[in-house]
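In: below is the structure, and that's it, no one-letter string:
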């Protein structure tokens, strides 16, 4: 973890209440796909944790949804704005477990961290399949970006206005070697039950500090309580305990 000053290079709406922000600055703390950053906003006590969508030297891309005062404030930031950011948070995905044909499953704002993951897996010569789920057509984003990486991209919407009608679990391919997923907890639970292989699940949670000090995002696993921000957000399928 490191505190970095980033400059906003782009802040653009790409779907209904969904924005892509490009941050310019030191990206050396981002080691694995699936890590996140924690952004300090003027007038807000708590930072806003946002997953990393893509990363290259000197440029970091995040995608976020305007769901409250903080993210709404972010959507109004202009190019050139300087932000105080904690970078390189969380463990991220372990790509060494992927096998030959990994399956990536994302729902809503759980889609962005899978993009960098897909890029890394494709670079290793893996046959990557991607399943994306949204509520409705106006929520859909980054389908073309994933299709530029792999032809095996499948999309569902709850109301059927784009792609197949239903949930991500309704359009899972038959054959895959490993599952990587990120999204709301009900989706993760459904994927857990439907998937046929081992996998890594990235959890969304309200975070206080973002680096494990406050214990506010702890969850129970088979080996005891873990902090989603520090020990996660990625958990192995075999260690997850679902609470009713």
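Out: On my side now, so go ahead. Quick caveat, the model's predicted, so the values are computed rather than measured.
In: once you drop chain neighbours, what's closest to the residue of the chain most remote from its centre?
Out: Most distant from the centre of the chain: residue 43, at 26.0 Å, with distances by Cα atoms, centre = their mean. Spatially, and ignoring its direct neighbours in sequence, residue 43 is nearest to residue 73 (7.9 Å; Cβ to Cβ, 6 or more residues apart in numbering). Every residue, glycine included, has its C-beta placed from N, CA and C.
In: which strands or helices does the longest helix along the chain pack on?
Out: Using DSSP state H to define each element, the chain has its longest helix at helix 112-123. Contact here means 3 or more Cβ pairs under 8 Å, 6 or more residues apart in numbering; DSSP states H and E; on that basis helix 112-123 packs against strand 48-56, strand 102-107, helix 143-147, strand 178-182.
In: buried sites along stretch 62-81?
Out: Within stretch 62-81, the residues that count as buried by 16 or more other Cβ atoms under 10 Å are 62, 63, 64, 65, 66, 70, 71, 74, 75, 77, 81.
In: what secondary structure does the third one sit in?
Out: Right, the one you point to is residue 64. When classified by DSSP: H, G, I helix; E, B strand; the rest coil, residue 64 comes out as strand.
In: for the helices and strands packed on helix 112-123, which one ends up most surrounded?
Out: Of the helices and strands packed on helix 112-123, the one with the most neighbours on average (mean count of other Cβ atoms under 10 Å) is strand 102-107, at a mean of 27.
In: that strand pairs with which strands, parallel or anti?
Out: In the sheet, strand 102-107 lines up against strand 129-134 (parallel), strand 178-182 (parallel) (DSSP bridges).
In: roughly how far out does the helix or strand residue 87 falls within sit from the chain middle?
Out: For residue 87, the host element (DSSP states H and E) is strand 82-89. Between the centre of strand 82-89 and the centre of its chain there are 17 Å (Cα atoms, centre = their mean, to the nearest Å).
In: what comes into contact with that strand?
Out: Identification of contacts with strand 82-89 by Cβ atoms under 8 Å, 6 or more residues apart in numbering yields 1-8, 23, 25-27, 29-31, 35-41, 47, 49, 60, 77, 210-211, 229.
In: which among those count as buried?
Out: 1, 4, 6, 8, 23, 25-27, 29-30, 35-39, 41, 47, 49, 60, 77, 210-211, 229.
In: so after the longest strand belonging to the chain, what's the next helix or strand?
Out: For the chain, the strand with the greatest residue count under DSSP state E is strand 2-15. Later in the chain than strand 2-15, the nearest helix or strand by DSSP H and E is strand 18-24.
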